[in-house]
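Engineer: When you get a sec, could you give me coordinates for this:
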Amino acid sequence: MRKNFWIGFWRLADPKISLASFASMFLGACLAATALPLDWRWLGLTIAGIFALEIAKNASGEIVDFDSGADLGVAPQDRSPFSGGKRVLVDHLLTRRETIGIAATFYLLAILLGLFIATFRDPRVLAIGMIGVACAYFYHSPPLKLSYRGLGEIAVALCYGPLICAGTYLVQTGTMAAKRRKWSGYRRPSDC
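Structural biologist: Below is the predicted model:
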C-alpha cells in the first residue's frame, strides 16, 4: 500500500476529534461504575464500535464535502484542525474509491459491533445505535445534510452528550435508570 494511504487513514481516524466521544464514554462508564463493577470486555466493544463509527463518519463526510466544494472553499490560511474537513481527497492522500471503501468498511464494522452488543448484552442498544449511525451518516449526507442546514451542532450535542454516555451506561448496567451504591462510613453533617 502507498504511504499516503496510511497518512490519509490516520487523518480520517483523527484521534483528537474522538476525544469528545471518549469523554462521553468515560462519563457513562464512571456512572456505571458507581452501580456495578465495569465489564471491560463490553466496554472495549463499546469503544471499538464508536471509534469505527467516527472513522466511517469522517470518511463519508469527506466524499460529500469534496463533491459539494465545501472542502475546496477553505483557503489554506483559514484551515484549522476543526475546519475544512480532513482534506484526504483535496491533498490527494486517498482516492475517492479508497475513501468510500473506508467509509463502507467502518460503517459495517460499527453496525456489526452494535448488533453483537444488542444481541448478547441488551437489545435496547439497537435503538441508540440506530440514532447514532443516522446522525453520523446524515451529518453530511443527503437528504438531511444536517451540517449544511445549521443542525449539525444539535446532532453533535445529542450524540457526543447523552447518546454515547447513556449507551455506555446501558451496556454496562443493563438499565437506563441511575443506580448508586450505598456509601458506608460517611455521614453528612445534617445526619448527626
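Engineer: from here on, contacts and neighbour counts on C-alpha atoms
Structural biologist: OK.
Engineer: Sketch out the helices for this protein, chain order is fine.
Structural biologist: Residue ranges of the helices in the chain, as given by DSSP state H, are 3-13, 19-33, 40-68, 96-120, 125-138, 152-158, 164-173.
Engineer: To Ala75, which of the ones you listed lies closest?
Structural biologist: Nearest to Ala75 among the helices of the chain is helix 40-68 (13.9 Å), distances taken as CA to CA.
Engineer: quick one on the thing from earlier: mind putting the helices of the chain in JSON lines, distance to Lys86 and mean neighbour count included?
Structural biologist: Converted to JSON lines, these look like this (distance: least, CA to CA, whole Å; neighbours: other CA atoms under 10 Å):
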{"stretch": "helix 3-13", "distance to Lys86": "6", "mean neighbour count": "17"}
{"stretch": "helix 19-33", "distance to Lys86": "16", "mean neighbour count": "20"}
{"stretch": "helix 40-68", "distance to Lys86": "7", "mean neighbour count": "20"}
{"stretch": "helix 96-120", "distance to Lys86": "11", "mean neighbour count": "18"}
{"stretch": "helix 125-138", "distance to Lys86": "15", "mean neighbour count": "19"}
{"stretch": "helix 152-158", "distance to Lys86": "17", "mean neighbour count": "15"}
{"stretch": "helix 164-173", "distance to Lys86": "23", "mean neighbour count": "25"}
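Engineer: Out of those, which gets nearest to Leu144?
Structural biologist: Closest among the helices of the chain, using CA to CA: helix 125-138, at 5.6 Å.
Engineer: mean confidence score for that closest one?
Structural biologist: For helix 125-138, the mean pLDDT works out to 95.
Engineer: Tell me the spacing between Met25 and Thr119.
Structural biologist: Separation of Met25 from Thr119 (CA to CA, to the nearest Å): 20 Å.
Engineer: ugh, typo on my part, it should be Leu36
Structural biologist: 21 Å.
Engineer: before we move on, back to that, please name whichever of the helices of the chain is nearest to Asp78.
Structural biologist: Of all these, helix 40-68 comes closest under CA to CA, at 16.3 Å.
Engineer: Give the other helices and strands that that closest one contacts.
Structural biologist: helix 3-13, helix 19-33, helix 96-120, helix 125-138, helix 164-173 (3 or more CA pairs under 8 Å, 6 or more residues apart in numbering; DSSP states H and E).
Engineer: I'd like to know which of the helices of the chain lies nearest to Leu146.
Structural biologist: Nearest to Leu146, of all these, is helix 152-158, at 4.8 Å by CA to CA.
Engineer: Go ahead and name everything in contact with that closest one.
Structural biologist: Cys135, Tyr139, Leu146, Ser147 (CA atoms under 8 Å, 6 or more residues apart in numbering).
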